[in-house]
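Novice: sequence unavailable; structure follows:
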């Protein structure tokens, strides 16, 4: 059994060159020593001929996510149907020292699925059962093929929902792996706060349940918190095959609002005061003037081109009235104007369309270009400063980068729109992202609030954490994955 | 330099016999090889003559918490004044392979501070600064000497507070170490959800900041979640010297209530429905008939002797009205009666007195006896079943064990009142606690919702997690503490 190796498609060589060292060399070395002649039949014996693919198109499709990181196709893609199959496949990889790369929906933003050292991509989409829904206990267990929208559609008639919403219709196990969050985090928390238990296949094929098999209590003090060690580990410590999640009651009523501000400071001041007033706001999203302009053009809207907050309130009819009154008062005191409020689903949809389409509106600013999203997060009070400095930097360096942010968490994204064939621009954008990350670090912030480290932020992670912490992380990685086969080349 | 070794006071030999293996042998061995003649002057050179004590009384005072686990005094107690001193002391212990036992306020309930293998107790009460309060960002950093009440008193004029409330006025760093929670967890979460960063001294004296030095963002996806690995590690992975905490706005208004139910099932059904209705209840505490009787006697109250819920609502005046209305309707539908509501602080205090005094009321049932609190936690819907079975077990085995529970989390405590000198009773109670824990495990629950594993639940932890998970935990422990000097004999 042999198959040709196609050179990785180099989409943005310079932007991501620093992230992938000796790509081809390592991969060829792996291949030569892996004994594929024995490996492929072994993989097929576990998940059938249909469950193993060496096709170039399939491999390429599994070598990239939605980021600008170049495609790194795995050597082979497998589709296990159960945790036992995942375990059996992992044992084969472990024996042959082959990299294991978990693949959910491929909607990540930091190159987490790229097979930078070759190896076996585990596509988990065929494991797509919703298991053990406990309505009274507000919990459910899902397999990796179940997406966020899929689960909420399954829950439709139960009065329950899962609120963590990163935008993409991502796999919930993938969201656990990358510690995803998104627009609802200000009220409902991130994956860290909403995962109760994980089933994980370790590098050697051992199956564990991080909180013990079947456990699904709302809280526990039983031993080390392995659940939250695997949440956010981006596939580098193990492969998540089940996630037990907290659910919430669907709110009785929802109100949305949009409000324009004279300055970034005024928008953020309003946010702080709304939170301080104890308004249990569900979403509070910031869009800068550049983004508002992009959204207006993209959707033929006519919002004022100014710093803007998009808000959403969840609660009972009565409590919403109060939330809205308090919020309106606070925003008005900070110079907010051009309020639009919406109660019914359709008007709310129209209102939020601008925010939801921010990515595509940004891309439409320069047709034919690609986008990369930064992801810094700082303490709330420092948000105006970093946004103002960043906007100056964008102008000075002639970079298209409309801003959208989860302002209640201090997390914002510059959607950098660039021509990947323009080397000079790629360099300019890359240098900008590094400056932005360092600006966040200098303000007690992080280089990644919700997208993860993946390929591109490993050097920044070292700066953010310091060498001692990195050493601890490396120690944990070496303990759980001594052969370094779990999604190698990521995070650390 | 020599000093006499006093045999550990054996309060409850049989109850805790299984937790401490070869206590004296290991301790004498440690002593003989430690070279105390060189160690003590070295410790003194770091924190002064006043900062090191070999006094029998002091050692004994630091060898026990509030549990029934027997006192295991350390060989020496030190009082570092800074993280640098903690680090220097840890290096000495590391060099001599001496156990390091962190000591906050000694208010733990699972024997976590006992020096079961001798060694050096690090009393951290002299590090008592509140650092870096950021009001706009809702965060603060505290040293280990700062207690929960101390912090809230410091915050009095800021409009902010820290809500996690385990009852005792515990050290906040100690609360992080044991993953504490308590009555407010149903609304505000446990320490796991409220710690943003930790400064930790590792076994070899290395100082790390789990989320990177100075970082205090509301969320992060930067690398492995070391913060939550150390939260709940009970001093076995490192020594917490600073904790950065999330703060909350003080609620505009508070309303308390007490309500009586015809059965445990009715009380728990009400709880589920209140949560399902989205009422953001701040506290919902269950007391069984035995506990109500104890509280009535202790405080000369006249509550009905029946399953009872104590409730607390936080919010604006307007939202409280709605919360109260919805709750009253739900409880009434479930047969709730004898409502008492209270708005002003004094009446609320009187109302909650029964709940707050539950521990002492239980002890007063049998003057001269001691109490031990169980701590199982199960999914909410299984709470009635386990409470009913447990109450039968208590009656059948003639054990005094009034029940109080954080019913919104599925976590409840039997306050077992026993005569420690009655061997037969000690055995009977011990067997009961094991049965109760196994009952919880059979219902997808945990043996410890908030007190931790400490000394007494290590065997149960193994049952709860299974051998593979324990092996992973042991691997992490060995990585971070290869000489096994961090609070040895606990958790694993």
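Specialist: It's in. What you see is a predicted model, and the numbers here were worked out from it, not measured in a lab.
Novice: is the helix or strand encompassing residue A:268 in proximity to chain B?
Specialist: Element membership for residue A:268, per DSSP states H and E: helix A:264-276. Yes: counting by Cβ under 8 Å from any Cβ of the partner chain, chain B is contacted by helix A:264-276 at A:272, A:275, A:276. For every residue, glycine as well, the C-beta is placed using N, CA and C.
Novice: state which helix of chain A is the longest.
Specialist: Determined from DSSP state H, the single longest helix within chain A is helix A:423-442.
Novice: how about the residues of the stretch 301-450 of chain A near chain B?
Specialist: The interface of the stretch 301-450 of chain A toward chain B, taken as Cβ under 8 Å from any Cβ, is made up of A:314-316, A:318-319, A:322, A:326, A:375, A:377-382, A:408-411, A:444-450.
Novice: sorry, back to before: helices or strands next to the helix holding residue A:268 in the packing?
Specialist: strand A:283-287, strand A:308-315, helix A:317-333, helix A:383-396 (3 or more Cβ pairs under 8 Å, 6 or more residues apart in numbering or on different chains; DSSP states H and E).
Novice: mind giving me TSV with these and columns for mean neighbour count?
Specialist: Formatted as TSV, the helices and strands packed on helix A:264-276 follow (neighbours: other Cβ atoms under 10 Å in any protein chain shown):
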stretch	mean neighbour count
strand A:283-287	26
strand A:308-315	25
helix A:317-333	18
helix A:383-396	17
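Novice: one step back: any chance of the residues of helix A:264-276 next to chain B in JSON lines, plus neighbour count, pLDDT and distance to residue A:171?
Specialist: Shown next, in JSON lines, are the residues of helix A:264-276 next to chain B (neighbours: other Cβ atoms under 10 Å in any protein chain shown; pLDDT from 0 to 100; distance: Cβ to Cβ, whole Å):
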{"residue": "A:272", "neighbour count": "20", "pLDDT": "87", "distance to residue A:171": "34"}
{"residue": "A:275", "neighbour count": "21", "pLDDT": "88", "distance to residue A:171": "31"}
{"residue": "A:276", "neighbour count": "17", "pLDDT": "83", "distance to residue A:171": "36"}
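Novice: circling back to that earlier point, make a ChimeraX selection of whichever of the residues of the stretch 301-450 of chain A next to chain B turn out to be buried.
Specialist: Selection of buried members from these for ChimeraX, criterion 16 or more other Cβ atoms under 10 Å in any protein chain shown:
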select /A:314,315,316,318,319,322,326,375,377,378,379,380,381,382,408,409,410,411,444,445,446,447,448,449,450
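Novice: residue contacts, the closest residue to residue A:251 other than its chain neighbours?
Specialist: Nearest residue to residue A:251, sequence neighbours excluded (Cβ to Cβ, 6 or more residues apart in numbering or on different chains): residue A:314, at 3.5 Å. Neighbour list for residue A:314: A:187, A:251, A:253, A:254, A:280, A:282, A:320, B:278 [criterion: Cβ atoms under 8 Å, 6 or more residues apart in numbering or on different chains].
Novice: ok, now residue A:52?
Specialist: A:40, A:43, A:44, A:76, A:77, A:78, A:79 are the contacts of residue A:52 under Cβ under 8 Å, 6+ apart.
Novice: of the residues you listed, buried ones?
Specialist: A:40, A:43, A:76, A:77, A:78, A:79.
Novice: in what helix or strand does the first one lie?
Specialist: Secondary-structure element containing residue A:40, defined by DSSP H and E: helix A:36-47.
Novice: cool, and the fourth one?
Specialist: Under DSSP H and E, the secondary-structure element containing residue A:77 is strand A:76-78.
Novice: returning to what we had before: quick one: contacts of the helix holding residue A:268?
Specialist: Contact with helix A:264-276 is made by A:186, A:259, A:261, A:281, A:284, A:286, A:288, A:307-309, A:326-327, A:330-331, A:333-336, A:380-381, A:383-384, A:387-388, A:391, A:407-408, B:136, B:138, B:159, B:249, as judged by Cβ under 8 Å, 6+ apart.
Novice: buried residues of it, list them for me.
Specialist: For helix A:264-276, a neighbour-count test (16+ other Cβ under 10 Å) marks A:264-276 as buried.
Novice: quick one: which of those is nearest residue A:429?
Specialist: Of all those, residue A:264 has the smallest distance to residue A:429: 21.9 Å, by Cβ to Cβ.
Novice: so how far is chain B from the closest one?
Specialist: 15 Å (Cβ to the nearest Cβ, to the nearest Å).
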